[in-house]
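Colleague: Just to be clear, the model below is a prediction. Sequence and coordinates:
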Amino acid sequence: MGKNIIEKVWDNHIVYEESGKPDLLFIDLHLVHEVTSPQAFEGLRLNNRQVRRPDLTFATMDHNVPTQNLPVINDPIAKKQITTLADNCKEFGVELADMGHPDQGIVHVIGPQLGLTQPGKTIVCGDSHTSTHGAFGAIAFGIGTSEVEHVLSTQTLWQNKPKTMEVRVEGELGFGVAAKDIILAIIAKFGIDMGTGHIVEFTGDAIHKLSMEERMTICNMSIEAGAKAGLISPDQITVDYIKGRKFAPADQFDEAAAYWLSLASDADATYDEVRIIQAADIEPIVTWGTNPSMGVGVSQTVPTAADFTEESDKQALEKALTYMDLEAGTPITDIAIQHVFIGSCTNSRLHDLRAAASVIQGQKVHEGVRAIVVPGSYSVKQQAEAEGLDKVFLEAGFEWRESGCSMCLAMNEDVVPAGERCASTSNRNFEGRQGAGSRTHLVSPPMAAAAAIAGHFVDVREIMKASV
Amino acid sequence: MKPINQVTSVLTPLNRKNVDTDQIISKEFLKRIERTGFGQYVFYHWRFDAEGNPIEDFVLNQPQYKGSSILVAHDNFGCGSSREHAPWAILDYGFNVVIAPSYADIFHNNCFKNGILPIELSVSEVEEILATAEANATTATVSLEHQTVTVGDKVYHFDIDAYYKETLLNGWDEISLTIQYDEHIKKYEQRRTVFA
């Protein structure tokens, strides 16, 4: 019987196994950022321990960094966290893409961009969206700070082998439907705990036709489906993306590529669970509630209690609608927004910025809407500017910022005020996520840009059709 | 971390599904560089209104649950962000046992690194305990050694991975344990696949 990629990569990384114990797994790449690492480095110092493999560790600043008026950091506590990471990297010999460094950016944008992310690797970071790197066929998952310390010290983790799940996206995606819509549709259909205890492999024609940047959007939000990790078997698109990048294999590239392709799931591989969704059924999605599974197609309406059978779901609906200040049954396109955020580790890459810019077409941001674009990395920003995308956004009235996590979690100054509504390309619509009392609607980059122009949600497919 | 075995305390019922770590500890409190001091911020926006006044009907503000060490919640507790600040905040506030039908993976893992016992019971068992604890302040006893939760004359049994049970009972530091496997790690490093 064949093996799936999850089994192949897992088995390749077992340092030690014993029945009754989790497996001791080797970690090939450890990405570090300022928010979840200070206590881990402090732990090393207190116990007189070293970073075992600085060569497999890479750090950047993203969660706290300001996205304008660099390098001034007004928040003294944020500044302390940022300088603490710089000091820790220096003390322990870890390579750092500091603020202002050409490799700086959101940790899940720069890993792939630099060629650090490769098929077959185990990749961890103290951030749940580490699943992004699974787009390359890596087992990549978020860990807590104690585990960050454990990896720094031993380059390993004790892990129970998760179950495996295939999520197959069959058929062809409709016109104007984005990768973001695929993953939001999967979460809406199967729930935010679909993947608990599992690593998910996304399969099917609709997945393998996607570019690497689109695949990253899908895998990024595996955690919003509760999965330990999400990945996609490598193919030629994966190999072509990696070639020539800063940390990609050079002399042995062909050998590496052959190895990577051999990791793809075998044709007769099986999984503990299988979920199937038809690509043709997916339309652009807008979330209406306070968790990422609370989403519907843009042509639909905010659900009513009659749409749910379980009492706890009816209660969750009521709580969510109260928080979101929405009436059940409201058409999605009637929902007006005051903020637009295009950015985050989900949707801040060049493809996302191009897709958003393409629906603006010389129009202006609607009166009363504040719209910001935050490129995922310094390099994405440079490339976008070389193509003139910054001018498209600026002329339309968007703000064009420096890279960072920004308004996705609003740890820096980019905050949605209480009671106001944001069309956001990020990954979480939890209560208060973008600022205390803020109301988040998750959408794709073209849907966010179209909402910025209209002042409310619109079906971006109509705009795209008009321009074809 | 502190060993944990038997805990007797009043139960705090938090009858919500999908409680995410953003609610447990909001991002404005993640900028500290220490592991301690997060308890004052736990469930901050559910405990306090915009002016900082306590919201009286939130369970943590109700006097009969003060001093509780056992939090009872519903499905998929701790979903979302990997922030270990969430278990740090829960522990620092005073809880070292959580009872729920299911947990998000990263939060579940983080509990074991901090001396918090995350107990899984069936949905019907948890709903029974929630109903009892919501009706009246109810004291329960948890025994990790015997894998039981005793509420009045009812005894609930729970399963736990043997490895994590031993870790919690002994309060072991996992890194010290792993260092004993250094020879295995070195051997692996010699045989692992690397391309230049």
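Modeller: Arrived safely.

Colleague: for chain A, what's the longest helix?
Modeller: For chain A, the longest helix by residue count, based on DSSP state H, is helix A:76-92.

Colleague: Can you show me the helices along the stretch 1-150 of chain A?
Modeller: Under the criterion DSSP state H, counting those that start in this stretch, helices of the stretch 1-150 of chain A are mapped to A:5-12, A:38-46, A:76-92, A:107-113, A:145-154.

Colleague: tell me which strands and helices the first one is in contact with?
Modeller: Counting by 3 or more Cβ pairs under 8 Å, 6 or more residues apart in numbering or on different chains; DSSP states H and E, the packing neighbours recorded for helix A:5-12 are strand A:139-142, strand A:198-203. For every residue, glycine as well, the C-beta is placed using N, CA and C.

Colleague: Of the ones you listed, which stretch is the most buried?
Modeller: Mean neighbour count, computed with mean count of other Cβ atoms under 10 Å in any protein chain shown, is highest for strand A:139-142 among the helices and strands packed on helix A:5-12, reaching a mean of 29.

Colleague: Adjacent strands (with direction) for that strand?
Modeller: Strand A:139-142 pairs in its sheet with strand A:122-125 (parallel), by DSSP bridges.

Colleague: about what we covered before: can you redo the helices and strands packed on helix A:5-12 as a markdown table with mean pLDDT?
Modeller: Written out in a markdown table, the entries for the helices and strands packed on helix A:5-12 read as follows (pLDDT from 0 to 100):
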| stretch | mean pLDDT |
| --- | --- |
| strand A:139-142 | 98 |
| strand A:198-203 | 98 |
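
Colleague: need those in CSV with distance to residue A:278, can you?
Modeller: Below are those laid out as CSV (distance: least, Cβ to Cβ, whole Å):
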stretch, distance to residue A:278
strand A:139-142, 27
strand A:198-203, 14
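
Colleague: Do a quick rundown of the helices in the stretch 301-450 of chain A.
Modeller: Secondary structure of the stretch 301-450 of chain A (DSSP H, counting those that start in this stretch): helices located at A:311-324, A:350-358, A:378-386, A:389-396, A:445-454.

Colleague: Could you export the shortest one as CSV, CA atoms only?
Modeller: What follows is helix A:389-396 as a C-alpha-only set of coordinates in CSV (Å, rounded to 0.1, in the frame of the first residue of the first chain):
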residue,chain,number,x,y,z
LEU,A,389,0.9,48.8,-8.0
ASP,A,390,1.6,51.4,-5.2
LYS,A,391,0.5,54.1,-7.6
VAL,A,392,-2.7,52.3,-8.4
PHE,A,393,-3.5,52.0,-4.7
LEU,A,394,-2.4,55.5,-3.7
GLU,A,395,-4.2,57.2,-6.6
ALA,A,396,-7.4,55.4,-5.5
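
Colleague: relative to helix A:378-386, how tilted is it?
Modeller: Orientation check (axes from the mean of the first three to the mean of the last three Cα atoms, to 10 degrees): helix A:389-396 against helix A:378-386 gives 70 degrees.

Colleague: neighbouring contacts of helix A:389-396?
Modeller: Contacts of helix A:389-396 from elsewhere in the structure, counted by Cβ atoms under 8 Å, 6 or more residues apart in numbering or on different chains, are A:353-354, A:356-357, A:360, A:362-365, A:371, A:373, A:381, A:384, A:400, A:452-453.

Colleague: Restricted to buried residues, select those in PyMOL.
Modeller: Command for PyMOL, covering only those of these found buried under the criterion 16 or more other Cβ atoms under 10 Å in any protein chain shown:
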select buried, chain A and resi 353+354+356+357+360+363+365+371+373+381+384+400+452+453
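
Colleague: Of the contacts of helix A:389-396, which one scores lowest on pLDDT?
Modeller: Of all these, the model is least confident about residue A:362, whose pLDDT is 91.

Colleague: give me phi/psi at that one?
Modeller: Phi and psi for residue A:362, reported as degrees, to the nearest 10, are phi 70, psi 10.

Colleague: give the contact list for it.
Modeller: Under the criterion of Cβ under 8 Å, 6+ apart, the contact partners of residue A:362 comprise A:395, A:396.

Colleague: between the helices and strands packed on helix A:5-12, which one is nearest to residue B:58?
Modeller: For the helices and strands packed on helix A:5-12, the distance to residue B:58 is smallest for strand A:139-142, at 28.6 Å, taking Cβ to Cβ.

Colleague: just checking, what's the longest strand in the chain?
Modeller: Because you didn't say which chain, this covers chain A. Counting residues, the longest strand found in chain A (DSSP state E) is strand A:163-170.

Colleague: try chain B instead
Modeller: strand B:6-14.

Colleague: packing partners for that strand?
Modeller: Under the contact rule (3+ Cβ pairs under 8 Å, 6+ apart), strand B:6-14 is packed against strand B:70-73, strand B:97-100, helix B:123-135, strand B:139-143.

Colleague: re earlier: buried deepest among the helices of the stretch 301-450 of chain A, which one?
Modeller: Of the helices of the stretch 301-450 of chain A, the one with the most neighbours on average (mean count of other Cβ under 10 Å) is helix A:445-454, at a mean of 28.

Colleague: where does chain A dip in pLDDT?
Modeller: In the prediction, chain A carries residues with pLDDT under 70 at positions A:468.

Colleague: Would you tell me which of the helices of the stretch 301-450 of chain A gets closest to residue B:156?
Modeller: Distance to residue B:156, taken as Cβ to Cβ, is lowest for helix A:311-324 among the helices of the stretch 301-450 of chain A, at 20.6 Å.

Colleague: That closest one close to chain B?
Modeller: Yes - counting by Cβ under 8 Å from any Cβ of the partner chain, contacts between helix A:311-324 and chain B involve A:312, A:316.

Colleague: Need the nearest residue in space to residue 36, chain neighbours excluded.
Modeller: Since you didn't name a chain, this refers to chain A. Nearest in space to residue A:36, with sequence neighbours left out and distances taken as Cβ to Cβ, 6 or more residues apart in numbering or on different chains, is residue A:126 at 3.1 Å.

Colleague: Wait, chain B was what I had in mind.
Modeller: By the measure of Cβ to Cβ, 6+ apart, the closest residue to residue B:36 outside its immediate chain neighbours is residue B:92, 6.2 Å from it.

Colleague: where's the one you found, which helix or strand?
Modeller: Secondary structure from DSSP states H and E places residue B:92 in helix B:85-93.

Colleague: residues of that helix that come out buried?
Modeller: Within helix B:85-93, the residues scored as buried using 16+ other Cβ under 10 Å are B:85, B:86, B:87, B:88, B:89, B:90, B:91, B:92, B:93.

Colleague: before we move on, what about stretch A:171-181?
Modeller: Applying a neighbour-count criterion of 16+ other Cβ under 10 Å, the buried positions in stretch A:171-181 are A:173, A:176, A:177, A:178, A:179, A:180, A:181.

Colleague: Just give me the closest of the residues you listed to chain B.
Modeller: Sorting these by distance to chain B puts residue A:180 at the head of the list, at 18.0 Å, by Cβ to the nearest Cβ.

Colleague: Which helix or which strand is home to the closest one?
Modeller: Taking DSSP H and E as the definition, residue A:180 sits inside helix A:179-190.

Colleague: Next, the angle helix A:350-358 makes with that helix.
Modeller: Angle of helix A:179-190 versus helix A:350-358, following the same axes, to 10 degrees, is 100 degrees.

Colleague: Which residues outside helix A:179-190 are in contact with it?
Modeller: Taking Cβ under 8 Å, 6+ apart as the criterion, the residues outside helix A:179-190 that touch it are A:167, A:169, A:173, A:194, A:206-207, A:210, A:214-215, A:217-218, A:220-222, A:224-225, A:275, A:277, A:279, A:281-285, A:287, A:292-296, A:346-347, A:425, A:442-445, A:447.

Colleague: Let's see which of these end up in strands.
Modeller: A:167, A:169, A:275, A:277, A:285, A:287, A:295, A:296, A:442.

Colleague: For burial, what's the neighbour tally of residue 128?
Modeller: No chain specified, so I'll use chain A. Here the number of neighbours of residue A:128 (other Cβ atoms under 10 Å in any protein chain shown) works out to 26.

Colleague: meant chain B, my bad for not saying
Modeller: Residues near residue B:128, counting by other Cβ under 10 Å, number 15.
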